[in-house]
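S.K.: Could you look at this predicted model? Sequence included:
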Amino acid sequence: MSELNEEQITSYLLANPDFLVKHPNVLAQLDLQQQAQGATSLVHIQQRQLREHNTRLKNQIDTMSQHAVQNELVYRLLSQCHRQLWSHDDFDTIAKNLHTIICSNNDINDFKLIKYTPDYDELIEHRLTNSGHYLGRITAQERALLFSDDTQSAAIYLIGDEKQPIAILAFGSNNVNHFEPAQDNLFVLDFISALQLRLQKLA
């Protein structure tokens, strides 16, 4: 009779999950060596794997919940901003009112809506070429150009395009990790489109 190979043993155990329950003497003799943990039974290994799986699931759920809460907050803030666009007819008043709304969010410490001047050409070339926006940490030069000294991360958007820029929209946070490149900014981009249309009408 030929010896069983690992694949056959695996297939049999998967097809008969109660085998070790019916033969506890076999289970008692199966002590598998785990790194840095000594001898561990199959039951203990399975329990550990289940705990690790549950921990991963919990972390995923927590992350999704945090994103949902953050998206809801962003949506509400930008809904207020949308209403401001059509409540006033001059750039400075719109910029001031948007600043008040955006900075009511404790995670955002600074906000700027600034008319384009050639002073921003280097910023546009370095950060806003192609995509039209940048999210992440900023340099000391960028901080001095746009924000207060405490700002550590930012979301910066070009209103218009590289050839015909209209304005710069910038959100700043004292938290170095608040704005990151991988963040979803769908709601903000929708607002950018509306803001660009409004500023073109005011020009």
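M.R.: Arrived safely.
S.K.: end to end, how far does stretch 148-163 reach?
M.R.: In stretch 148-163, first residue to last residue: 28 Å (C-alpha to C-alpha, to the nearest Å).
S.K.: what mean pLDDT would you report for the longest helix belonging to the chain?
M.R.: Longest helix of the chain, by residue count under DSSP state H: helix 42-85. Taken as a whole, helix 42-85 has an average pLDDT of 80.
S.K.: That one packs against which elements?
M.R.: strand 31-34, helix 91-102, helix 186-202 (3 or more C-beta pairs under 8 Å, 6 or more residues apart in numbering; DSSP states H and E). Yep, even glycine has a C-beta here, placed from its N, CA and C like the rest.
S.K.: Swap in 6 Å and give it another go.
M.R.: If you count contacts as 3 or more C-beta pairs under 6 Å, 6 or more residues apart in numbering; DSSP states H and E, helix 42-85 packs onto helix 91-102, helix 186-202.
S.K.: Just give me how far that helix sits from the chain centre.
M.R.: Mean-position distance between helix 42-85 and its chain equals 11 Å (C-alpha atoms, centre = their mean, to the nearest Å).
S.K.: okay, the angle between it and helix 186-202?
M.R.: Comparing the axes of helix 42-85 and helix 186-202 via axes from the mean of the first three to the mean of the last three C-alpha atoms, to 10 degrees yields an angle of 10 degrees.
S.K.: any idea of the angle helix 42-85 forms with helix 91-102?
M.R.: Using the same axes, to 10 degrees: helix 42-85 against helix 91-102 is 150 degrees.
S.K.: can I get the helices and strands packed on helix 42-85 in TSV with mean pLDDT and mean neighbour count?
M.R.: Converted to TSV, the helices and strands packed on helix 42-85 look like this (pLDDT from 0 to 100; neighbours: other C-beta atoms under 10 Å):
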stretch	mean pLDDT	mean neighbour count
helix 91-102	95	16
helix 186-202	92	15
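S.K.: closest one to residue 7 among these?
M.R.: Nearest of these to residue 7, taken as C-beta to C-beta: helix 186-202 at 47.4 Å.
S.K.: ok, residues contacting that closest one?
M.R.: Applying C-beta atoms under 6 Å, 6 or more residues apart in numbering, the contact partners of helix 186-202 are 74-75, 78, 81-82, 85, 157, 159, 166.
S.K.: How is the chain divided into domains?
M.R.: The record's domain parsing of the chain by automatic domain parsing lists 6-47, 54-202.
S.K.: Can you tell me the closest non-neighbouring residue to residue 127?
M.R.: Nearest residue to residue 127 in three dimensions, chain neighbours excluded: residue 134, at 4.0 Å (C-beta to C-beta, 6 or more residues apart in numbering).
S.K.: Good, we can wrap up now.
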